[in-house]
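**Q** From the sequence below, what's the structure:
(one chain, ligands or ions: 2)
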Amino acid sequence: MTVTVCPSTSDFFAEVGDADLSQPLSRSDLSAIEEAFWKYAVLVFPDQHLEHAQHLAFASNFGPLETKLDVYREGNRARTPPEIEDLSNLDLDNKIKQADNRIRLMRRANRLWHTDSTFKYIPAKVSMLYAREIAPVGGQTEYADMRMAYDALSDKMKMRLNGLVAEHSYRASRARVGFSDFSSEEDASLPPVPQVIVRTIPESGRKSLYIASHIDRVLGMPRDEGNNLIDELFVHATQRQFVHTHRWRKNDLVMWDDRCTMHRGLAYDDERWRRDIQRATVADVGNSCDKATSMINKE
Ligand code: OGA
Ligand code: MN
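**A** Ligands and ions are numbered 1, 2, ... in the order given. Here you go, the predicted structure:
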């Protein structure tokens, strides 16, 4: 039996059934998943039972995996292997993190609209987030369709954005949640990087906004003017008609295309409820300013 794709919205969000991601996928199942993924951009696979190695094996079907940032390394006793980001609120002893835990404070930026790893020269292409434990209330994840948001821009705005590049940095999104306590080594390991503001997704040919709370400034523009432009784009791109809210079920795996979506975690009482979600992330093929990656001149 091949996988079953069940759309939740007409062309952004779909559930996938009859798929057991703990096992190697047949070529035809993988093709069916890919086809759905390029169309919808966010897929939910309910009721998956994955060890770390199985989570990584599924993710590896889509390209080379990212490894976790040095700022999130907690010595040799990490809860997850280097290729799996631990997005939980749990510490090395599997207890809820203290309120002043440094990683907890840095992760606060996940509550801002963003897409993953745009602060890396080679950003993320696909994120696969797996829920091992969920909060009973709160802690949903929201997704916004940046292709639909791009399509709905005025022609004047589309022309204005053509060819614009923004500088993204890890520091910029942490500053927005009041965190700036980085060592000089950490700062040096996370230099600002350029990313285009509009990109074309090769598999669908669709244009997409490419913005995130990691943006520090728009290159070649006075700061105020650039900030106003980015603020305006965020207000536009996160309007309700572009957004889908995912209420997690335990054992959901959600996979999204980082090149054409934004997401944010909604608040929950993370000093009370355990929430154990973990992410494998596939790296993009290059920097988005590279024409081969983004096909910005394709028209
Ligand atoms: C992520 C992320 C948000 C959440 O996994 O990249 O931003 O809901 N997660 O925890
Ligand atoms: Mn994220």
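**Q** For the rest of this, base every contact and every neighbour count on C-alpha atoms.
**A** Noted.
**Q** Surely residue 77 touches residue 93?
**A** No: assessed by CA atoms under 8 Å, residue 77 is found out of contact with residue 93, at 9.4 Å.
**Q** Okay, and the beta partners of the closest residue to residue 113 other than its chain neighbours?
**A** With sequence-adjacent residues excluded and distances taken as CA to CA, 6 or more residues apart in numbering, residue 113 is closest to residue 264, at 4.8 Å. In this entry, residue 264 is beta-bridged to residue 142, by DSSP bridges.
**Q** where does residue 264 sit relative to ligand 1, distance-wise?
**A** Noted for residue 264: a distance of 5 Å to ligand 1, by CA to the nearest ligand atom, to the nearest Å.
**Q** Same question for residue 25.
**A** Distance from residue 25 to ligand 1, by CA to the nearest ligand atom: 24 Å.
**Q** For that residue, which three-state class applies?
**A** In three-state terms, and counting by DSSP: H, G, I helix; E, B strand; the rest coil, residue 25 is coil.
**Q** Quick check: pLDDT value at it.
**A** With respect to pLDDT, residue 25 scores 97.
**Q** Equivalent analysis for residue 1, please.
**A** 72.
**Q** Just give the number of residues close to the residue lying closest to it once chain neighbours are set aside.
**A** Spatial nearest neighbour of residue 1, excluding adjacent residues (CA to CA, 6+ apart): residue 18 at 7.3 Å. Neighbour count for residue 18, taken as other CA atoms under 10 Å: 13.
**Q** The nearest residue to residue 42 once chain neighbours are set aside: helix or strand, and which one exactly?
**A** With CA to CA, 6+ apart as the criterion, residue 42 has its nearest non-adjacent residue at 4.3 Å, and that residue is residue 256. Residue 256 is part of strand 253-257 when elements are defined by DSSP states H and E.
**Q** Quick check: neighbours of that strand in the sheet, parallel or antiparallel?
**A** In the sheet, strand 253-257 lines up with strand 42-45 (antiparallel), strand 124-133 (antiparallel) (DSSP bridges).
**Q** Those strands: which one's closest to ligand 1?
**A** Of all the strands paired with strand 253-257, strand 124-133 sits nearest to ligand 1, with 5.8 Å by CA to the nearest ligand atom.
**Q** quick one: contacts of that closest one?
**A** Strand 124-133 is contacted by residues 59, 62, 66, 116-118, 248-259, 274-285 when judged by CA atoms under 8 Å, 6 or more residues apart in numbering.
**Q** Also within reach of ligand 1: list those from the residues you listed.
**A** 116, 279 (CA under 6 Å from any ligand atom).
**Q** Show me the contacts of strand 124-133 that map onto strands.
**A** Taking DSSP state E, the ones among the contacts of strand 124-133 that sit in strands are 253-257, 276-283.
**Q** Would you mind checking which of the residues you listed is nearest to ligand 1?
**A** residue 279 (5.8 Å).
**Q** Does that closest one have any beta-bridge partners, and if so which?
**A** According to DSSP bridges, beta-bridge pairing links residue 279 with residue 85, residue 129.
**Q** ok, it - contacts?
**A** 84-87, 127-130.
**Q** any idea of the mean pLDDT in stretch 40-49?
**A** On average, stretch 40-49 scores 98.
**Q** Tell me the secondary structure of residue 157, please.
**A** Once three-state DSSP is applied, residue 157 turns out helix.
**Q** what's around it, how many residues?
**A** Here the count is done by other CA under 10 Å, and residue 157 has 13 residues near it.
**Q** again with the one 10 residues further on
**A** For residue 167, the tally of surrounding residues (other CA under 10 Å) stands at 20.
**Q** Ramachandran angles for residue 228?
**A** phi -60, psi -40 (degrees, to the nearest 10).
**Q** Return the per-residue confidence for it.
**A** For residue 228, the pLDDT comes out at 98.
**Q** again, but for residue 77
**A** 84.
**Q** From ligand 1, how far out is it?
**A** For residue 77, the distance to ligand 1 - CA to the nearest ligand atom - is 21 Å.
**Q** Just list the residues touching that residue, thanks.
**A** Residue 77 touches residue 92, counting by CA under 8 Å, 6+ apart.
**Q** With the one 10 residues further on instead?
**A** Contact partners of residue 87, counting by CA under 8 Å, 6+ apart, are 107, 276-279.
**Q** please redo it, this time with the cut-off set to 7 Å
**A** Residues in contact with residue 87 (CA atoms under 7 Å, 6 or more residues apart in numbering) are 276-278.
**Q** do residue 143 as well
**A** 243-245, 261-264.
**Q** what residues does stretch 30-42 touch?
**A** 11-14, 43, 203-204, 255-257.
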